[in-house]
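sharing a model prediction with you, sequence too.
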Amino acid sequence: MNIVAIDIDTIVSSFVVLWAAIDPVGTLPVFLAVTKGYSDLDKVKIAKSASITAFFILLFFLVVGEILLRYVGVPLSAFQISGGIILFLFALNMIFGDSKPEEEINMVKDASETAIFPLAIPSIAGPGAILAVVFLTDNSRHSLVDQATTALIMAFILAINFLLMYFSKPINKRIGKTGAIVISKVMGLILASIAANSVLFGIKDYFNL
């Protein structure tokens, strides 16, 4: 029973962290803005391309993120502290500054690149999401099963993200831009608490407390 409970806790924790970091709902207004004027078929193609690109970006950091840190001689505890601080600043910007939809809509430059920028990067696979997958695949704290579970959860959330983009029109009519901004700020609050927890874990590991 305890093993099952631990597995469920890991799944729920990983899902909440990745959902807050990727913020699929916050991607909706960005997607609607950058695909304005495209046909429905083109919108589906853009949504697929953005989701697949984001998946491989996050998978890359999930697999080799910690290895890169070791190669450059940075202990994971230091990355947890610095990454937590950066993640906290990112969350503060979501809460008090421009929200994710407002900020990323302003990045739209060339419609031909919308699937990659700003959709795949930084709307879906942003700095918060990259840091989150590295944290959740720490070899010293998570087994290979946990890391594989994290990869599956990440793929599941990206699938949900694709479906939200696919059904973006009816969803946007329901919640509106204001609703998406409110949800994004709530996700920022969750992300801030996750970042603070990462800093505390990093300090604990570094000083062997």
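Thanks, I have the structure now. This structure is a prediction, so every number in the text was calculated from the model and none was measured.

for the rest of this, base every contact and every neighbour count on C-alpha atoms.
Noted.

buried residues in the lengthiest helix in the chain?
Selection of the longest helix in the chain by residue count, based on DSSP state H, yields helix 168-206. Neighbour-count burial for helix 168-206 flags 168, 172, 177, 180-192, 194-196, 198-202 (criterion: 16 or more other CA atoms under 10 Å).

residue closest to the middle of this structure?
Centroid-nearest residue in the chain, with CA atoms, centre = their mean: I22, separated by 2.4 Å.

which residues does that one contact?
123-126, 128-129 (CA atoms under 8 Å, 6 or more residues apart in numbering).

ok, 6 Å please
By CA atoms under 6 Å, 6 or more residues apart in numbering, the residues touching I22 are 124, 129.

and what of the one 5 residues further on?
Applying CA under 6 Å, 6+ apart, one finds that T27 lies in contact with no residue.

state the distance from it to A91.
16 Å (CA to CA, to the nearest Å).

go on, A54?
Applying CA to CA to A54 and A91 gives a distance of 20 Å.

what does S49 give?
27 Å.

these two: which is more packed in?
Neighbours were counted for S49 and for A91 using other CA atoms under 10 Å; A91 has more, 29 against 18.

once you drop chain neighbours, what's closest to that one?
Once flanking residues are discounted, A91 sits nearest to G188: 4.5 Å by CA to CA, 6 or more residues apart in numbering.

do L119 as well
A50 is the one closest to L119 (CA to CA, 6+ apart), at 6.0 Å.

ok, how many other residues are close to that neighbour?
Residues near A50, counting by other CA under 10 Å: 26.

so where does it fall, helix or strand?
In this assignment (DSSP states H and E), A50 forms part of helix 40-71.
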